[in-house]
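S.K.: Kindly return the folded structure for what I paste below:
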Amino acid sequence: MPAKSKAQQMAAGAALSAKRGEKKKSDLKGASKEMVESMTEKELEELASTKRKGKPQHASKS
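M.R.: Numbers count the residues shown, from 1 in each chain. Below you'll find the predicted structure:
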C-alpha cells in the first residue's frame, strides 16, 4: 500500500523509527502516534519507502 502524500510517508517513517526503538514513542504526535500502535513494521516500511516524486504534500479529503 503506497503512501498517498508526502505527509503520510513522513508520518510512517517516524512511526517506523519508533517501532524499531530508534526514537521514543512519546516523541510522536498525530498520525504517526496512531500508526505505531495500529500497523506492523512491514506495513510501515511499505508506506515509508514510497517514492515522493509526484505526491502532493497532503492528500485531498475526497
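S.K.: Which of the helices or strands spans the residue most central in space within the chain?
M.R.: Centrality entry for the chain: nearest residue to the mean C-alpha point is Ala12, 1.1 Å, by CA atoms, centre = their mean. Using DSSP states H and E, Ala12 sits within helix 6-19.
S.K.: Which residues does the very next helix or strand once past that helix contact?
M.R.: Using DSSP H and E, the helix or strand that follows helix 6-19 in sequence is helix 30-38. Identification of contacts with helix 30-38 by CB atoms under 8 Å, 6 or more residues apart in numbering yields 7-8, 11-12, 14-15, 18-19, 25, 28, 44, 47. For glycine as for every other residue, the C-beta is placed from the backbone atoms N, C-alpha and C.
S.K.: Can I get the residues you listed in JSON lines including distance to Glu37 and pLDDT?
M.R.: Shown next, in JSON lines, are the contacts of helix 30-38 (distance: CB to CB, whole Å; pLDDT from 0 to 100):
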{"residue": "Ala7", "distance to Glu37": "19", "pLDDT": "88"}
{"residue": "Gln8", "distance to Glu37": "16", "pLDDT": "89"}
{"residue": "Ala11", "distance to Glu37": "13", "pLDDT": "92"}
{"residue": "Ala12", "distance to Glu37": "13", "pLDDT": "92"}
{"residue": "Ala14", "distance to Glu37": "13", "pLDDT": "94"}
{"residue": "Ala15", "distance to Glu37": "9", "pLDDT": "94"}
{"residue": "Ala18", "distance to Glu37": "10", "pLDDT": "94"}
{"residue": "Lys19", "distance to Glu37": "9", "pLDDT": "93"}
{"residue": "Lys25", "distance to Glu37": "9", "pLDDT": "90"}
{"residue": "Leu28", "distance to Glu37": "10", "pLDDT": "92"}
{"residue": "Leu44", "distance to Glu37": "11", "pLDDT": "92"}
{"residue": "Leu47", "distance to Glu37": "15", "pLDDT": "88"}
